[in-house]
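> return a 3D structure for these sequence lines:
(one chain, ligands or ions: 1)
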Amino acid sequence: MPELPDVEGFRRVAARAAGGRVRRVEVLDAGVLNGVTADRFRRGVRGRVLGTPRRHGKWLAVPLRTDGRRHRADEPVVAFHFGMTGGLQWCAGGEPRHRFDRVVLATDRGELRFRDMRKLQGIRLLSGDDELDALFAELGPDAAGVARPELGELLHGSRAAVKSRLMDQTVVAGLGNLTVDETLWRARVHPSARSDELSDAAVGGVHQAMRTVLRQSSRAGYVPGRPSWLTGHRDDTRAACPRCGTRLRRTRVAGRTSVWCPNCQQR
Ligand SMILES: [Zn+2]
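Reported below is the predicted structural model:
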C-alpha cells in the first residue's frame with residue numbers, strides 16, 4: 001500500500017513529465033475518477049502544461065497551466081491519491097500499455113500513466129489552489145517535515161495508541177503500516193502505548209526514527225526490506241527481531257497488523 005516514500009517516488013515520476021503539454025487525455029476506466037466525469041476531466045486537462053508536482057502526505061498534486069510560465073492560483077490542479085494499489089509511470093518509449101493503466105496523459109515527450117488495480121477513485125480535478133488548500137487542510141502536517149515539538153503536541157493530545165495516532169492522516173500525513181511499525185521498532189516504543197503517556201525522550205526517539213525511515217525510504221521510493229530493518233523480516237515465517245533475535249509478535253492495532261519485538265518494545 002503506497003505510503004509517503006512511495007508517493008515521493010511518484011512525485012519524481014511526475015516531475016519527469018513536468019513542462020510537457022498534454023496533447024491527449026485517455027480515460028481508459030472512469031472508475032479512478034473522483035467527482036469528475038471522464039468528459040470534464042478530458043476537457044479540463046487537454047491542452048494544458050503539467051507543472052511541478054507537489055506532495056503532501058500520501059497526496060500528489062500536479063498544477064496545470066495554459067499559457068505563461070507559471071501555474072496561476074485559478075488554474076486547475078490534478079490531485080492523485082494512490083489508495084491501496086495505485087501508482088504513476090512515465091513512459092517515453094512507446095511501452096505497451098499495462099492492463100491496469102486507467103488514465104493516460106500523453107505529452108509530446110511521453111506519457112504519464114496512472115495505474116491502479118483496485119480503482120479506488122484516486123484522481124480529482126480541482127478548480128484551483130483554493131480547492132487544493134482545502135483538501136490539504138484536512139490533513140495533518142507532512143510526516144517528513146513535522147518538527148519534534150509539533151509531533152510532541154500531536155501525540156500528547158490523545159489517549160489513543162501511538163500506532164493509531166501516527167496512522168491517522170488528519171494528525172500527521174503520509175505514514176502507513178510499514179513506516180509506523182519500522183519507526184516504533186527503532187524507537188523501542190510499543191505500538192499500543194498510549195500517546196499521552198509517552199515521555200519526551202520517547203517522542204524524541206519516535207521523531208528521529210521517523211525522519212530516518214522516511215528519508216532512507218523516500219530515496220528508494222518504497223520502504224526497503226533490508227536485513228537490518230524490521231520491514232526486512234515482517235513477512236518471514238519465523239520472524240525474528242534483527243536487533244536482538246527475539247521472535248517478533250503480531251497484533252491488530254488500528255485495524256492493521258502490527259509487527260513488533262516484545263523484548264525491544266516493552267510497555
Ligand atoms: Zn528486539
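> and the protein, which residues reach the ion?
Counting by CB under 5 Å from the ion, the chain comes close to the ion at C241, R243, C244, T246, C261, N263, C264. (C-beta placed from N, C-alpha, C; glycine too.)
> make TSV out of those and add neighbour count.
Formatted as TSV, those follow (neighbours: other CB atoms under 10 Å):
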residue	neighbour count
C241	20
R243	14
C244	10
T246	13
C261	24
N263	15
C264	19
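> all helices of the protein, in order?
4-17, 38-45, 129-137, 148-156, 162-167, 177-187, 200-220 (DSSP state H).
> give me the mean pLDDT for the fourth one.
Helix 148-156 shows a mean pLDDT of 98 in the predicted model.
> name the helices or strands packed onto it?
helix 162-167, helix 200-220 (3 or more CB pairs under 8 Å, 6 or more residues apart in numbering; DSSP states H and E).
> among these, which is the most enclosed?
Sort the helices and strands packed on helix 148-156 by mean neighbour count, taking mean count of other CB atoms under 10 Å, and helix 162-167 sits at the top with a mean of 25.
> what does that helix contact?
Residues outside helix 162-167 that contact it (CB atoms under 8 Å, 6 or more residues apart in numbering): 154-155, 158, 171-172, 175-177, 180-181, 183-184, 189-195, 198, 206, 210, 253-254, 256, 258.
> okay, buried residues for stretch 121-135 please.
For stretch 121-135, a neighbour-count test (16 or more other CB atoms under 10 Å) marks Q121, G122, I123, R124, L125, L126, G128, D129, L132, L135 as buried.
> what residue spans form the domains of the chain?
4-137, 148-260 (automatic domain parsing).
> how far does the longest one sit from the chain's center?
This means domain 4-137. Going by CA atoms, centre = their mean, to the nearest Å, the spacing between the C-alpha centre of domain 4-137 and its chain's C-alpha centre is 15 Å.
> sounds good, over and out.
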